[in-house]
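Participant: quick one, structure for this:
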Amino acid sequence: EIKYFIMKYFCINSVKISIIPNYVNTKKFRYLKNNKHNNYLFVGRLSEEKNLFKIFHYMSGSKKKLLIIGNGKLKKKLVVLKKKLNIDVSFIKNIQNDKLSKIYNKFKFFILMSKYEGNPKVLLEAMACGCICLVSRSQGISNIVRNNYNGFYVKDKSHFDNLTNRIINN
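Facilitator: Got it, this is the predicted structure:
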């Protein structure tokens, strides 16, 4: 998708473009047979394009917890919204990549509601660790997730609530 964007908008011949695929080390990022709790995990920058405000609104009225691993300029605004919506959100600053696998494996749900992505490595890591991925249907994500096959596109708050309850109960 990015190659065709470059060809179209920068008029560069396709033979001059090399694609270097992103990958996940599946020896490190793999499913561990342990009990995953029914809470949510987000890993990434705290920035506008990640659409964290939408995630917070989806969580309003929920007793589930959200762990956010990352840092960014929106943290103060997110802390204010967390209090306003009375939701259980914890923040951890960036951690070493080699420690993420154990964290992914503690969570049943991984959430990524980005407005757009390139090739979201955190999504690939979460999938490799067996997380159920709740995502937005957006550029970059839709290249990886097939709805109801290896993840779920979330339409709105009502769909989010129904979907997560259905998954937990089934």
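Participant: looking at the protein, which helix or strand is least sure?
Facilitator: Of all helical and strand segments in the chain, the minimum by mean pLDDT, DSSP states H and E falls on helix 2-10, at a mean of 90.
Participant: report all helices and strands that that one contacts.
Facilitator: For helix 2-10, there is no helix or strand it packs on, judged by 3 or more C-beta pairs under 8 Å, 6 or more residues apart in numbering; DSSP states H and E. The C-beta positions use only the backbone N, C-alpha and C, and glycine is treated the same way.
Participant: what's in contact with it?
Facilitator: If you take C-beta atoms under 8 Å, 6 or more residues apart in numbering as the criterion, helix 2-10 is touched by 12, 13, 14, 17, 19, 118.
Participant: if you set the cut-off to 10 Å instead, what comes out?
Facilitator: 12, 13, 14, 16, 17, 18, 19, 118, 119, 139, 140, 143 (C-beta atoms under 10 Å, 6 or more residues apart in numbering).
Participant: any idea how many residues pack against the first one?
Facilitator: Using other C-beta atoms under 10 Å as the criterion, residue 12 is surrounded by 12 other residues.
Participant: again with the last one
Facilitator: Other residues within reach of residue 143, judged by other C-beta under 10 Å, total 13.
Participant: thinking again about what came up before, after the least confident helix or strand of the chain comes which helix or strand?
Facilitator: strand 37-43 (DSSP states H and E).
Participant: that following strand pairs with which strands, and in what direction?
Facilitator: strand 65-69 (parallel), strand 107-112 (parallel) (DSSP bridges).
Participant: now what about the shortest one, what contacts it?
Facilitator: Which is strand 65-69. With contact meaning C-beta under 10 Å, 6+ apart, strand 65-69 is reached by 37-44, 46, 50, 52, 55-56, 58-59, 75, 78, 82, 87-95, 99-100, 103-104, 106-107, 109, 111, 122.
Participant: out of the contacts of helix 2-10, who's the most crowded?
Facilitator: residue 140 (19 neighbours).
Participant: so who does the closest residue in space to that one that isn't next to it in sequence touch?
Facilitator: Closest residue in space to residue 140, ignoring its immediate chain neighbours: residue 117 at 3.0 Å, by C-beta to C-beta, 6 or more residues apart in numbering. Going by C-beta under 10 Å, 6+ apart, residue 117 touches 44, 49-50, 123, 135-136, 138-144.
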